[in-house]
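In: Below are the sequence and a predicted model for it; my questions follow.
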Amino acid sequence: MTFLAADQLPRRLNRNDAKTLALAALGGALEFYDFIIFVFFATVIGKLFFPADMPDWVRQFQTYGIFAAGYLARPLGGIVMAHFGDRVGRKRMFALSVFLMALPTLAIGLLPTYAMVGLWAPLALLLLRVLQGAAIGGEIPGAWVFVAEHAPANRTGLACGTLTAGLTTGILLGSLVATGITRHYAPEQVLAFAWRLPFLLGGIFGLVAVYLRRWLDETPVFEELRRRKALAQELPLKLVLNQHAMAVMRSILITWVLTAAIVVVILMTPSLLQKLYGVSAAQALSANSIATLTLTIGCIAAGTLADRFGPGPVFSIGSALLLLSTYALYLGVAHNTAWLLPLYALAGFFVAIVAIVPLIMVRNFPAAVRFSGLSFSYNIAYAIFGGFTPPLVSLLTKSDPLGAAHYVAIMCIVGIAMGLFGVRQASTARHDGQPGQAA
């Protein structure tokens with residue numbers, strides 16, 4: 001038996017929908033800022049939290065390893081929060097995750113360095129990064145489920161695109177803050193104290209996000225499930241693994257594409273361009289800000305197009321364009337650094353295919369286990385692929401300046417195949433995966 005909540009019928013967005021999307025996107029932006037600000041100061045953190053006589057490439061490898069630890073911790077936080085999200089409500093977990101992110105972010109800004117406490121410094125940094133990962137593991141899947149279940153059925157792509165745009169705005173905010181810090185303070189001042197400011201600011205952002213989420217309502221889909229007593233009676237994750245294994249595999253593959261796009265093109269490229277082609281830190285971060293802005297705009301466009309033409313074709317075409325634009329970026333900057341800004345802006349726009357990933361995953365799972373199914377698939381994939389991507393790409397670029405572009409290209413080919421075949425298979429699956437429906 002299936003049902004469709006009244007608020008999920010095809011219709012235009014109303015004022016309440018707009019408020020929900022705006023508050024969810026803004027809260028997501030503030031929390032995602034907390035998670036990614038680390039990568040913008042990876043070079044500085046490496047100098048402060050590891051021995052000064054350590055080879056530069058080893059220091060970079062270990063710093064990115066600590067960054068990756070946040071991804072490895074995501075599945076545990078995601079599984080726990082998703083379990084309660086499917087059993088007691090989406091809204092409660094949606095509010096808890098942002099609070100759990102704010103505390104370790106604030107603590108990172110107060111940490112002593114290697115020169116002060118020796119080995120305890122990187123160990124403490126690792127622990128706090130793990131806590132951040134556990135929090136974000138529940139945040140992103142929960143946010144996608146939350147907005148998808150609030151939106152009308154014919155606007156789910158726009159809802160997921162808007163929320164994803166909010167998350168990428170968090171990256172943009174991090175890039176802008178990093179740019180401001182590097183331009184306002186001399187390098188020795190950044191090393192001395194200014195690197196702490198973005199993390200302290202992130203703690204404040206987190207508390208603001210907690211306050212914003214007080215104004216959100218529980219999703220109509222979950223309320224309908226609770227009213228009909230249709231909530232999962234068994235462990236939700238057990239049902240996902242037993243009954244929806246193929247949906248999990250499809251979701252893992254498309255998340256792998258997402259990790260390549262975000263981690264490599266948006267998060268790692270500024271540092272890589274500095275090391276490979278001598279681009280200044282300020283120039284690389286400024287270009288990254290423009291690329292993240294075009295990404296944010298592109299997410300809304302991608303979601304809208306997916307509502308109009310279906311997620312499969314849009315994902316395939318977008319993956320092909322991302323492949324071409326990534327090679328254009330790295331080859332173009334190698335030839336002339338003056339091309340950095342327009343080429344990075346173009347690549348950033350096509351990274352927006354990531355906005356279609358949550359739409360596909362939301363449709364992969366029925367409502368009663370949707371949070372658990374999406375969270376498990378997304379976080380397992382991000383822990384494996386997102387977590388090991390930074391050190392892997394660092395090693396690839398050590399032997400080939402185009403190593404990062406090659407990696408993205410391989411994943412874009414996977415994206416093209418998934419858009420052509422994987423999404424079509426999901427749409428013909430026996431369970432009804434449309435938002436607002438449950439088996």
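Out: That came through fine.
In: Name the surrounding residues that touch stretch 111-119.
Out: The contact list for stretch 111-119 (Cβ atoms under 8 Å, 6 or more residues apart in numbering) reads 48-51, 120-122, 124-125, 128. C-beta: built from backbone N, CA, C; applies to glycine.
In: mind listing what's buried in it?
Out: Buried residues in stretch 111-119, defined by neighbour count with 16 or more other Cβ atoms under 10 Å: 111, 113-114.
In: From the residues you listed, pick the one nearest Leu321.
Out: Leu111 (41.1 Å; Cβ to Cβ).
In: Which secondary structure state does that closest one sit in?
Out: At Leu111, secondary structure determined by DSSP: H, G, I helix; E, B strand; the rest coil is coil.
In: Quick one, grab the pLDDT at it.
Out: As predicted, Leu111 sits at a pLDDT of 91.
In: how far away is it from Leu123?
Out: 10 Å (Cβ to Cβ, to the nearest Å).
In: same question, Phe315
Out: 41 Å.
In: Give me the more crowded residue out of the two.
Out: Using other Cβ atoms under 10 Å, the more surrounded residue of Phe315 and Leu123 is Phe315, with 29 against 13.
In: My read is that the more buried one contacts Ile360, right?
Out: Yes. Contact criterion Cβ atoms under 8 Å: Phe315 and Ile360 qualify, at 7.3 Å.
In: Touching both of the two, which residues are there?
Out: Each of 254, 423 lies in contact with both Phe315 and Ile360 under the rule Cβ under 8 Å, 6+ apart.
In: Name the nearest residue to Phe50, ignoring sequence neighbours.
Out: Distances taken as Cβ to Cβ, 6 or more residues apart in numbering place Arg59 nearest to Phe50, at 5.0 Å, with adjacent residues excluded.
In: need the buried residues of stretch 111-119 in JSON lines with distance to Ala151, can you?
Out: Shown next, in JSON lines, are the buried residues of stretch 111-119 (distance: Cβ to Cβ, whole Å):
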{"residue": "Leu111", "distance to Ala151": "40"}
{"residue": "Thr113", "distance to Ala151": "46"}
{"residue": "Tyr114", "distance to Ala151": "48"}
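In: Leu197: which of these is nearest?
Out: Using Cβ to Cβ, Leu111 comes nearest to Leu197 of these, at 13.5 Å.
In: Now that closest one. Its backbone dihedrals?
Out: phi -70, psi 140 (degrees, to the nearest 10).
In: Please tell me how far it sits from Met54.
Out: Here the criterion is Cβ to Cβ. By it, Leu111 lies 18 Å from Met54.
In: just Arg196 next, same as before
Out: Distance of Arg196 to Met54, computed by Cβ to Cβ: 22 Å.
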